[in-house]
Structure formats: structure tokens, C-alpha cells
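Colleague: could you look at this predicted model? Sequence included:
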Amino acid sequence: MAVDAEDRCRTYQTSSPWRDFKLEYSEFFADRKETEKLVHDKLTDTGCDNRGEWFKLSLNKIKTIIKDMPNES
């Protein structure tokens with residue numbers, strides 16, 4: 001839900017001794033809070049392993065879920 005995904009990724013990297021986080025995909029949504037909720041709901045519905053905001057699912061599946069979200073500009 002970050003305004004600046006690259007900045008958010010850099011912030012996460014400071015907590016990893018391996019600095020191994022990498023931004024693979026981002027998209028702008030007019031209502032990022034609602035979209036994040038919808039994406040989390042869809043990811044949870046897949047039955048994949050998750051811990052809070054972290055989901056273990058293929059990148060392609062995650063991209064598809066995000067791309068299918070409504071985006072009112």
C-alpha cells in the first residue's frame with residue numbers, strides 16, 4: 001500500500017541482514033487502501049501459506065491477481 005514502492009522496499013531491506021528484498025512488480029491504484037484489502041482477500045482465498053502481509057505464491061499468480069483489481073482513476 002506504499003505511496004513509493006521503491007522506498008518501501010529499501011525500508012524492508014534494512015531489517016534483513018542479507019538485504020535480499022527485490023521489488024518485482026508495482027501498480028498505481030487510486031484507492032490503494034481498498035485495493036490492498038481486496039488483494040489480501042484474494043491471496044488468502046488461494047489457500048497459500050501466509051504470515052500477516054507475507055504470502056508464498058508464484059509471482060505470476062500474484063501479478064494476475066493485482067492486474068485483475070478494479071482501478072478507478
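Modeller: Right, received. Where do you want to start?
Colleague: gap between the residue located most distally from the centre of the chain and residue 38?
Modeller: Distance from the C-alpha centroid of the chain, by C-alpha atoms, centre = their mean, peaks at residue 17 (21.5 Å). Distance, residue 17 to residue 38, using C-beta to C-beta, to the nearest Å: 33 Å. C-beta: built from backbone N, CA, C; applies to glycine.
Colleague: which strands and helices sit next to the longest helix seen in the chain?
Modeller: Selection of the longest helix in the chain by residue count, based on DSSP state H, yields helix 32-45. Applying 3 or more C-beta pairs under 8 Å, 6 or more residues apart in numbering; DSSP states H and E, one finds that helix 32-45 contacts helix 59-67.
Colleague: can you list contacts of the helix it packs on?
Modeller: Identification of contacts with helix 59-67 by C-beta atoms under 8 Å, 6 or more residues apart in numbering yields 24, 25, 27, 39, 42, 43, 46, 55.
Colleague: show me the contacts for the third one.
Modeller: Contacts were defined as C-beta under 8 Å, 6+ apart; by that measure residue 27 touches 66, 67, 71.
Colleague: before we move on, the earlier item: same question for the longest helix of the chain, mean pLDDT?
Modeller: Helix 32-45 comes out with an average pLDDT of 93.
Colleague: buried residues in it?
Modeller: Of the residues in helix 32-45, 35, 38, 39, 40, 42, 43 count as buried by neighbour count, 16 or more other C-beta atoms under 10 Å.
Colleague: not counting its neighbours along the chain, what's nearest the fourth one?
Modeller: Once flanking residues are discounted, residue 40 sits nearest to residue 53: 7.5 Å by C-beta to C-beta, 6 or more residues apart in numbering.
Colleague: and what of residue 25?
Modeller: Nearest one to residue 25, counting by C-beta to C-beta, 6+ apart, is residue 63 at 5.3 Å.
Colleague: run a quick neighbour tally on that neighbour.
Modeller: 13 (other C-beta atoms under 10 Å).
Colleague: now residue 21
Modeller: 15.
Colleague: please tell me I have it right and it contacts residue 11.
Modeller: No - using C-beta atoms under 8 Å, residue 21 makes no contact with residue 11, being 9.4 Å away.
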